[in-house]
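Trainee: okay, predicted coordinates and the sequence, questions at the end:
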Amino acid sequence: MDRNAPRLLSVFLLLLVCLPSAARLAAAEEPVDLDVVTRIREEGFRHSQVMETVRHLTDEIGPRLTGSPQAKEASEWTRKTLAGWGLANAHLEPFEFGRGWSYSSASVTLLQPRTPLFAVPKAFTAGTKGPIHGSIAAVKISTEADFAQYHGKLAGKILLFSDPPPPREEDAEPRHYSADDLHELSEYRVPSDPEAREKRYRERVRMRRLRNKLFIEEKVLAILEGGDAPWGIVRVSGGGSYKPGEDPGPPSLVLPAEQFSRLQRLSEKNPAVEVEVDVKARFHDDDRNSYDAIAEIPGTDKADELVMAGAHLDSWHSGTGATDNAAGSAVVMEAVRILKAIGVQPRRTIRVALWTGEEQGLIGSYAYVGQHFGSRPVDADGTSRYGWRSTGPVEVKPDHAKLAAYFNIDNGSGKIRGIYAESNSAAAPIFEAWLRPLHDLGADTVTLRHTGGTDHLPFDSIGLPGFQFIQDGLDYTVMTHHTNMDTYDHLESEDMEQASVVLAVFLYQAAMRPEMMPRKPLPH
């Protein structure tokens with residue numbers, strides 16, 4: 001007898017024992033319909049309409065500040081377009097927002113030597129009702145104790161004021177993720193303390209309100225702030241109030257950092273330096289609602305269950321809101337156009353939502369989630385935002401049990417490199433299986449890390465599977481985010497086609513799998 005026979009027999013018997021387990025593992029592996037993936041890729045790369053969609057949103061409609069006429073035009077146009085592509089139940093869902101705002105022109109002029117300066121007004125601040133002029137005064141307020149030195153000294157002045165920027169939560173994402181970047185991102189990191197972020201945010205809100213109150217009481221004519229980026233880039237968001245009845249404060253404008261620095265130097269040498277400010281702006285009180293655009297591809301045998309995708313349609317107003325976030329909106333629209341064009345019949349209903357109110361604190365998506373799925377208590381002062389509404393019990397509605405997953409696009413026009421699984425360990429291997437036939441497109445990373453600031457957070461905050469994709473940064477963080485550079489010219493067409501294909505695959509696979517997507521424990 002071969003002296004190795006007992007050892008070989010033992011190995012053979014071990015294999016027999018392991019085979020059932022291996023078979024179970026193979027049977028449990030997430031199925032992927034490669035035929036449909038092929039058809040999605042063919043339609044998405046050879047017949048894409050994503051750039052025409054985003055061109056209309058940016059070039060023809062333009063900036064889409066929540067509550068403005070242009071934002072409402074964009075919501076209606078997306079609803080009509082989705083219906084024209086054959087999606088069902090295309091409609092708008094209103095939520096209470098407040099006053100809309102728009103501006104038609106703004107100018108700041110240094111009077112001696114006479115020099116026109118570039119400036120963009122902050123949203124929801126007042127217009128000037130004609131040109132105003134006054135001497136400039138530099139103001140620095142970092143803490144509440146700084147207020148006392150300015151009492152009785154600011155009337156009739158145009159202030160040079162720059163709010164100290166908040167500490168960065170994380171470094172800017174690289175233009176293109178390298179293999180090493182993605183490997184590092186795939187490694188889990190304990191999330192930062194949400195209470196600490198909430199505390200910093202509350203303090204910034206409190207100081208902003210106190211400063212605005214001071215400037216109103218002191219009868220300040222206008223406020224000029226410096227941009228936070230070089231090369232004439234101006235980053236602008238909100239500065240006044242969209243709440244009816246609240247004083248929006250003096251006109252507030254942002255100048256490029258270089259021009260603001262010049263005014264500061266001049267004011268140091270000559271306190272009598274004067275500037276002229278002229279802002280034509282108005283509030284819109286005729287309709288205090290804003291609107292989310294909704295449409296769907298009906299399901300078949302599991303039609304009462306939902307798979308959702310969304311992006312925010314609103315933007316700030318200095319550019320045309322291309323990378324933030326007409327790009328994401330166009331990708332979401334293109335993904336369902338692809339699925340409709342290839343004639344899929346999903347088991348679950350696939351629903352898309354184009355939100356407004358995101359830039360003011362995810363208001364539109366929170367309103368929709370609260371209306372349909374459930375909610376958590378919101379602080380009475382209204383300062384909680386961006387998913388930090390994390391205290392108090394979850395109150396669920398019947399449809400809470402029917403949402404399989406929500407996927408969000410909101411980080412510019414860079415290609416999708418993977419997905420944040422939001423600490424949902426059971427979802428990670430499912431996503432890895434869905435990404436496998438997309439590795440050649442650069443989408444291959446799943447991380448259990450959490451990411452913030454996008455419309456997946458209202459879903460995640462009440463225990464629903466809500467996810468945001470990992471995207472290449474391109475020029476988003478450094479140049480285009482909330483700036484006058486956020487235009488069609490900074491979009492990457494091939495990347496947007498790739499993102500549309502990846503999203504379409506995820507929507508289809510989530511709609512077809514036998515079981516709902518796994519969930520994390522319900523928050524408490």
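Mentor: Everything's here; your move.

Trainee: P437 looks like it's in a strand, true?
Mentor: No. Per DSSP: H, G, I helix; E, B strand; the rest coil, P437 lies outside any strand segment and is helix.

Trainee: now for the closest residue to it other than its chain neighbours: which residues touch it?
Mentor: The shortest distance from P437 to any non-neighbouring residue, by Cβ to Cβ, 6 or more residues apart in numbering, is to V37 (5.0 Å). Using the backbone N, CA and C atoms, a C-beta is placed for each residue, glycine as well. Applying Cβ atoms under 8 Å, 6 or more residues apart in numbering to V37 gives the contacts 437-438, 505.

Trainee: hmm, G463 and L522 touching each other?
Mentor: Yes. The criterion here is Cβ atoms under 8 Å, and L522 meets it with G463 at 4.1 Å.

Trainee: ok, those two, which is more surrounded?
Mentor: G463 (19 against 13; other Cβ atoms under 10 Å).

Trainee: same question for stretch 235-252, mean pLDDT?
Mentor: For stretch 235-252, the mean pLDDT works out to 92.

Trainee: where does this structure dip in pLDDT?
Mentor: 1-28, 163-172, 192-195, 378-391 (pLDDT under 70).

Trainee: domain parsing for it?
Mentor: The record assigns the chain these domain ranges, following automatic domain parsing: 31-97+288-512, 101-281.

Trainee: any chance of these in JSON lines, plus distance to P518?
Mentor: JSON lines is the format used below for the domains of the chain (distance: least, Cβ to Cβ, whole Å):
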{"stretch": "domain 31-97+288-512", "distance to P518": "4"}
{"stretch": "domain 101-281", "distance to P518": "17"}
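
Trainee: the residue nearest to P437 should be in a helix, yeah?
Mentor: Yes. Membership of V37 in a helix is supported by three-state DSSP.

Trainee: just the buried residues of stretch 470-489, please?
Mentor: 470-477, 479-488 (16 or more other Cβ atoms under 10 Å).

Trainee: tell me the most buried of the domains of the chain?
Mentor: When you average the neighbours per residue for each of those (mean count of other Cβ atoms under 10 Å), domain 31-97+288-512 leads with a mean of 21.

Trainee: ends of that domain, what's the gap?
Mentor: 10 Å (Cα to Cα, to the nearest Å).

Trainee: for stretch 216-224, same thing?
Mentor: Stretch 216-224 stretches 15 Å from its first residue to its last (Cα to Cα).

Trainee: how far away from the center of its chain is that stretch?
Mentor: 32 Å (Cα atoms, centre = their mean, to the nearest Å).

Trainee: give me the residues contacting it.
Mentor: Residues contacting stretch 216-224 (Cβ under 8 Å, 6+ apart): 108, 119, 128, 132, 134, 136, 150-161, 215, 239, 247, 249-255, 260, 263, 275, 277, 279.

Trainee: check the offset of stretch 233-252 from the chain's centre.
Mentor: Here stretch 233-252 is found 20 Å from its chain centre; the criterion is Cα atoms, centre = their mean.

Trainee: could you do stretch 62-78 as well?
Mentor: How far stretch 62-78 lies from its chain's middle: 16 Å, per Cα atoms, centre = their mean.

Trainee: all helices of the stretch 151-300 of the chain, in order?
Mentor: Ranges of helices within the stretch 151-300 of the chain are 179-186, 194-217, 257-269, based on DSSP state H, counting those that start in this stretch.
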